[in-house]
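Asker: the sequence and its predicted three-dimensional model are supplied below.
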Number of protein chains: 4
Amino acid sequence: MDGQIYEELVDLRREFHKCAEVGWLEYETTIKIIHYLKLYGLEVIYGKHIHSERMGLPSERIMQEHIKNVSNLRVDFDIEEILKGYTGAVGILDTKKPGPIIALRFDIDGNAVDEDKKEEHRPYKEKFISKNKGMMHACGHDGHIAIGLSLAKNLSKQRKKLFGKILFIFQPAEEGVRGAKSLIGAGILKDVNYILSGHIGFMGKKNQVICGVDGFLATSKLDIYYYGKASHAGAYPEQGKNALLAGANCAINLHTLCQFSQGMSRINVGVLNAGTGRNVVPSYAKLEIETRGETQEINNQLLKRVYEVIEGSGKLYDVSYEVRLVGSAPAYNCKDEEFISFIENLLKECDFEVINGATMRASEDITYMFHEVEKNKGKAIYMVFGTSLSAPHHHSSFDFDEDVLLNAYMSYMKIIRYFMHQQDNIEKG
Amino acid sequence: MDGQIYEELVDLRREFHKCAEVGWLEYETTIKIIHYLKLYGLEVIYGKHIHSERMGLPSERIMQEHIKNVSNLRVDFDIEEILKGYTGAVGILDTKKPGPIIALRFDIDGNAVDEDKKEEHRPYKEKFISKNKGMMHACGHDGHIAIGLSLAKNLSKQRKKLFGKILFIFQPAEEGVRGAKSLIGAGILKDVNYILSGHIGFMGKKNQVICGVDGFLATSKLDIYYYGKASHAGAYPEQGKNALLAGANCAINLHTLCQFSQGMSRINVGVLNAGTGRNVVPSYAKLEIETRGETQEINNQLLKRVYEVIEGSGKLYDVSYEVRLVGSAPAYNCKDEEFISFIENLLKECDFEVINGATMRASEDITYMFHEVEKNKGKAIYMVFGTSLSAPHHHSSFDFDEDVLLNAYMSYMKIIRYFMHQQDNIEKG
Amino acid sequence: MDGQIYEELVDLRREFHKCAEVGWLEYETTIKIIHYLKLYGLEVIYGKHIHSERMGLPSERIMQEHIKNVSNLRVDFDIEEILKGYTGAVGILDTKKPGPIIALRFDIDGNAVDEDKKEEHRPYKEKFISKNKGMMHACGHDGHIAIGLSLAKNLSKQRKKLFGKILFIFQPAEEGVRGAKSLIGAGILKDVNYILSGHIGFMGKKNQVICGVDGFLATSKLDIYYYGKASHAGAYPEQGKNALLAGANCAINLHTLCQFSQGMSRINVGVLNAGTGRNVVPSYAKLEIETRGETQEINNQLLKRVYEVIEGSGKLYDVSYEVRLVGSAPAYNCKDEEFISFIENLLKECDFEVINGATMRASEDITYMFHEVEKNKGKAIYMVFGTSLSAPHHHSSFDFDEDVLLNAYMSYMKIIRYFMHQQDNIEKG
Amino acid sequence: MDGQIYEELVDLRREFHKCAEVGWLEYETTIKIIHYLKLYGLEVIYGKHIHSERMGLPSERIMQEHIKNVSNLRVDFDIEEILKGYTGAVGILDTKKPGPIIALRFDIDGNAVDEDKKEEHRPYKEKFISKNKGMMHACGHDGHIAIGLSLAKNLSKQRKKLFGKILFIFQPAEEGVRGAKSLIGAGILKDVNYILSGHIGFMGKKNQVICGVDGFLATSKLDIYYYGKASHAGAYPEQGKNALLAGANCAINLHTLCQFSQGMSRINVGVLNAGTGRNVVPSYAKLEIETRGETQEINNQLLKRVYEVIEGSGKLYDVSYEVRLVGSAPAYNCKDEEFISFIENLLKECDFEVINGATMRASEDITYMFHEVEKNKGKAIYMVFGTSLSAPHHHSSFDFDEDVLLNAYMSYMKIIRYFMHQQDNIEKG
């Protein structure tokens, strides 16, 4: 039985690896997910119905152009909204019997990375590398999709024995922490009692499952635009308004902001592009930045200072500016020790090694969902599924040992079965 | 007769307008010029033979790719070097009789501008707009080529009546002041007695010719590269070396340098591109800058300070750097008043209005050639041929009143005939 | 006769050299000037009566403390306002007969320089060095006072032969271009037909008088204060508001502003003092800056940018700021060639060499007075009295050849006599 | 008995409060300490004998001038070296019997603060405020001296019952972390088995003693000097070399350095003074800065970057620079838990409440001494003696509840007696 599931997981993972698509462009990925969920007998909601405000959308032009890359658009459901960037889907397995509502969250986007074409890179050698140029599953989300779909298929078969309801949330645009907030705004987490999520790799070793990860950093991703006025730099320098110098000044001064007594903070101006020509006073600058804080409070204090530096730098050179929030996620430090221990004990019945907790020191927008569920007295858990990697996450030759897929599948299955096996389990945990 | 020449000028101008090519990519332009010069019976030298060190070359990839844009490559002369960026050509009309050596310089490159496709734009309406995307003759160099070729054709017909030798220099890469120095280094101005050049537009009105322009600014064009070290900005900020901040600091501090007691100076950081991703410590920055000085001395002093700011900014962030000189031209303020007056009187016999002198306040690499010729006791003159424009130079809807072509042709012809009509004229002027 | 005047000039110059006082602290200097003017039989106005708004006043404490340095306060006129910084005086010689109103302006302040105590320094050797620590006549204003008083004395004696009225304006606080505007605001130049002023040294050689100097630069002197919030830099860095970094950022960016197509501009942040202790987030910064422009328009454009940089830098670090205009003078480029020639011819009758015109390339607040008088159709002239110097102006061992005093005296006398000798001379010139 | 010691402690504290002297100027303080130690029968070493390299000395002039403030210089021992800043003293109580060597360290310097003269301020009301202008015991070191001297007096009386040797180290210049290193360099801690130190206030409440404080931050204090070249900012701006802009650039960029993955870091440019006059290109700048790190490694990495920023900023403006290390202390995080517990149990026999451990989050140069003793297998402990304060440390109205003096005295006495009561106690602890 496990062998069959393993094969299924590997096949799905590779199928989705091939059509890697970056955040908000998961057109084909979403269409395929919906196709399978329907095939397995689940109700599926998608499109505008599951979105509120989407952060960090690509440009209209890029969204249009990607449509050309999408295959097999002949499906028996409406995909118009998906092709406008309303990606992702939620599969609902409703037993129609009283019981807990459990949400499982799987992120589905790839990375803006050109996949390696070397024999040593297994996806290349075994012919499942990404067909989309400049897009690659380099963070294991292809595996997450496979786990989610396999669970949907097999739990659907067992629905008669189960109580309550399961939501299979396939979230777009996790990279850049953009997608979660839009889904929550659409109300998909209403009344959820338990939310489970996890990640392949990052921490742990092969055959380990880390149970109850926290220490997620609060983060904000901003795009800053300065708009000045061009003029001939030799003939009329005083007629220009220099957006490049505003941007440069902004970059340097932003980097002075990271001293907080209450904990760690981070800032990075990762990209600065400014100016149009050597002999023209630069009329344009764009900065891509991010902030992080060990707590929400630190990130908020930092952001307040960031906005002052942006405004002041614009004032310095008499240029206007615009700031766009293109991603964000709250900190998550407050795990429920008792619940974690309960789950840990459940998982110890499995074949892999269970590790209690770990600190992430990175950002993930699952934290939005965890806070939403906990606000309504629900419970949350994040697991990391240890594996061995061929290269670090986000690297062009990233790949993972596919054995991890089965461990992850088993972890979710164990927990879900416990809570849904009988109605009264809702009180436990 | 003039009517026929006018038609010839217009035809040639439009032919070259269609195949506008930017500096060092004037493949088709050069091939056509050589073709015509040979047709007119001139000796032609070109390729490596007329170049020494070329500044501001495009990348190998761009040079390769442009070959696809070139039509009619089937010619009966060797074009291999031309297709490697050894563009431009020198046509030699040698009377084999003793007499002066006169050099005429015509610049041949277009601008990195997408030409306008509106009915109001005559080149579009009359179907001679540039076929090359992102390249356009927006500075009138297509007119300069036409004037040069017409002069070559008609002077060649008269060669029996003439004394001495004429060099028709078709210079590549004037934009960015890159091409002149390479030609001089190859020795093409050896023994030249007179050098004439000029420009359509910039100053003056329709039917005016300004005789004896000076006040050209010294200028240097530099590309600055900073190379740092990437690292994850959240997890390991201290492991990165921040090239973006080095570049930003360089940009701001360069702009503090323009106070000189001896005259005007200019600096512009026109373009700054840095960084690879929002959450990565930026490992790369590129700045495109230019300096200018009212005198060579000021530009030299300024450049000394520029190099200190570049080095210091690299040191600040422990990043390495590279500076490439991609263009330069000396100042030219020292015109020969006596010679100018002589030419002015000559031109007054023509149909147009003659204006004595003007100050350019811009840069042109003809100044390299003027200094070279004057160093050897030769004489130099720069004319501006007034016209009416549809839009400023370098604008996507730039166009000029083609009547100016005939005035320019006549100006050159008048001067050349005077000096070459008889051997002893070499002493005059 | 000249010998006697020369001795008088030297005695007066040395007397005032001894009690050198810096701008707005010319207490003893003013009291002595009033004493002499009254002695010579002139009407004298002074105190608040001759002032409007004074720029760049010293602090209350410094003004109080300087009173201790003043000798001989027992005079028969009211000095209370003088001791509050309403320094300077205007002596009026009114012939009560119709005729021109001529204003002569002499600046009276010393410099903030400790005078040299070496045998080679004549004022030390001959025992007339400044008694006031940190204050010295290092710009020749002691000589200007002497010239003004001698003229007053001797013209007063001749009053019966003269027509019209003479104003002897002894202006305080010329250094830092602070005093002139305050006097004008009080209306002392009302109805003036001619204004004469001049300076010892700077240009010209011994025994030369330069007649008709212009090219004075427009200038503004600003003090900038940033007020932040202190906090312990180790324990609570985020609770501070960093005025030092605001000031530093302001300084650097101000220096980027000097590129104007219409002419020369200058900026200098001459002094920056910030912070209170090594381990405290700095809550305070003060910058002393100046701007200059070849024209008023350039200085105005520059000032607009200066204020933007000040505001933006404050915004960057969330600190408040204050700007105080502590000095200013307009440009003066528009001399009346005809009038200058007329005066030049007059002076040629004297013993010294007369030079026609020169360009100052510095700032002097006499330009306020010149514009005021010319606005009312009056005429203005500035002379430089050439001499030999022992050290440059403002140097601690500055001294001049006292022969220059007589040339200056003669120049003024020659002009005044011409215009006041008979009523109708007012139409001439 | 305790009542008598309490009175003694209070008297001594107030005596030393009156003659507060800042670091390296503790002339009178040192002389008095030596006087008492000798009186109590201890051997005393002082002057150059106990110093190696002193960091952060005041200027020669300030050191000379302070001599005037010193009273009662007629003592029967040589004070010449003390008056040159070789301050502090070490009293040695040698039982001449085998036993442990225990070092007690008391810091003796005051703060650069003007003491409050208000009735509410007890030292003013009760007439023991500092007689030295601008110097005040605002950190409780007067109390530390009193504790040290009382212990010396009373232990000296008991010497017959004791074994081993006690060093009473009265350390100068703890403020600015300057003095400890110099004493260690002179070898005074050779063979020490136990070192005890502590501080009044900072943490804890009245009647609490915190036993085993660590978490001291590594710190470095630097003075940075930039030397440029002055020139007239209006006339010859390009002839100057701008030290102010170098300093400003240094300040801003230093503040970008505080992002380290391994822990907390701090930087502060606390003071920046630059320039000599508004119209002079600034030839001089001085920055007073400090760095801190949670570990030595972080502070070292930060310092490496600091030096690069200093050098780069000098290079930017072609000015030379000098850096002086004027204070430093290592981190101390590695307390000996077992030893701390042992001492804690000892102290629990006393009247006050004992608290186990606390984290300092500040810097103290006792850490140099702790590392030195531990390097030689000795043991170290730092105590904080809780009290109530009238104002925060370093405030002009700082004062403490003098009851704390007895608790501190008792703590030291308890520990010392345990270890010195019998020879073999050296093995314990």
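Answerer: Okay, I see it.

Asker: contacts only, for the residue nearest the centre of chain A.
Answerer: Centroid-nearest residue in chain A: residue A:174, 1.6 Å away (criterion: C-alpha atoms, centre = their mean). Residues near residue A:174 by C-beta atoms under 8 Å, 6 or more residues apart in numbering or on different chains: A:23, A:107-109, A:141, A:180, A:364-366. All C-beta spots, glycine's among them, are computed from the backbone N, C-alpha and C.

Asker: neighbours of the closest residue in space to residue A:246 that isn't next to it in sequence, how many?
Answerer: Among residues not flanking residue A:246 along the chain, residue A:317 sits closest, at 4.1 Å (C-beta to C-beta, 6 or more residues apart in numbering or on different chains). Residue A:317 has 28 neighbours, counted by other C-beta atoms under 10 Å in any protein chain shown.

Asker: so the top helix by length along chain A, near chain C or not?
Answerer: When chain A is parsed with DSSP state H, its longest helix is helix A:296-316. Yes - judged by C-beta under 8 Å from any C-beta of the partner chain, helix A:296-316 and chain C are in contact via A:301, A:305, A:308-309, A:311-316.

Asker: what's the local residue count around the residue of the stretch 51-200 of chain A found nearest chain C?
Answerer: Closest residue of the stretch 51-200 of chain A to chain C, C-beta to the nearest C-beta: residue A:177 (23.9 Å). Using other C-beta under 10 Å, residue A:177 has 27 neighbouring residues.

Asker: that one contacts residue A:365, correct?
Answerer: Yes - counting by C-beta atoms under 8 Å, residue A:365 is a contact partner of residue A:177 at 4.1 Å.

Asker: what do the two both touch?
Answerer: Here residue A:177 and residue A:365 share the contacting residues A:327-329, scored by C-beta under 8 Å, 6+ apart.

Asker: need those residues in a markdown table with distance to residue C:86 and pLDDT, can you?
Answerer: A markdown table is the format used below for the shared contacts of residue A:177 and residue A:365 (distance: C-beta to C-beta, whole Å; pLDDT from 0 to 100):
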| residue | distance to residue C:86 | pLDDT |
| --- | --- | --- |
| A:327 | 64 | 97 |
| A:328 | 62 | 97 |
| A:329 | 66 | 97 |
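
Asker: quick one: which of these sit in strands?
Answerer: Among those, the members falling in strands (DSSP state E) are A:327-329.

Asker: and those, which is closest to chain C?
Answerer: Top of the list for closeness to chain C, among these and by C-beta to the nearest C-beta, is residue A:328 at 20.6 Å.

Asker: quick check: closest non-adjacent residue to the closest one.
Answerer: residue A:220 (4.8 Å).

Asker: with residue A:392 instead?
Answerer: Residue A:392's closest residue in space is residue A:398 (C-beta to C-beta, 6+ apart), at 6.9 Å.

Asker: how about the one you found, phi and psi?
Answerer: phi -60, psi 140 (degrees, to the nearest 10).

Asker: and the gap between it and chain C?
Answerer: From residue A:398 across to chain C, the span is 37 Å (C-beta to the nearest C-beta, to the nearest Å).

Asker: next, count neighbours for the closest residue to chain B within the stretch 51-200 of chain A.
Answerer: When scored by C-beta to the nearest C-beta, the stretch 51-200 of chain A has residue A:176 as its residue closest to chain B, at 7.4 Å. By other C-beta under 10 Å, 25 other residues sit near residue A:176.

Asker: assign a three-state SS to it, would you?
Answerer: coil (DSSP: H, G, I helix; E, B strand; the rest coil).

Asker: what about the nearest residue to it once chain neighbours are set aside, distance to residue B:279?
Answerer: Excluding the flanking residues, the one nearest residue A:176 by C-beta to C-beta, 6+ apart is residue A:327, at 4.3 Å. Separation of residue A:327 from residue B:279 (C-beta to C-beta, to the nearest Å): 10 Å.

Asker: between the two ends of stretch A:195-204, what distance do you get?
Answerer: Stretch A:195-204 has an end-to-end distance of 22 Å (criterion: C-alpha to C-alpha, to the nearest Å).

Asker: could you give the mean pLDDT of it?
Answerer: Stretch A:195-204 carries an average pLDDT of 94.

Asker: okay, now the domains of chain A?
Answerer: As given by automatic domain parsing, the domain ranges for chain A are A:2-214+A:332-427, A:218-329.

Asker: the last one spans what distance, first to last residue?
Answerer: It stands for domain A:218-329. End residues of domain A:218-329 are separated by 6 Å (C-alpha to C-alpha).

Asker: about what we covered before: just the contacts of residue A:174 now: which is nearest chain D?
Answerer: residue A:364 (18.4 Å).

Asker: number of residues surrounding the closest one?
Answerer: 23.

Asker: got it, and residue A:359?
Answerer: Residue A:359 has 11 neighbours, counted by other C-beta under 10 Å.
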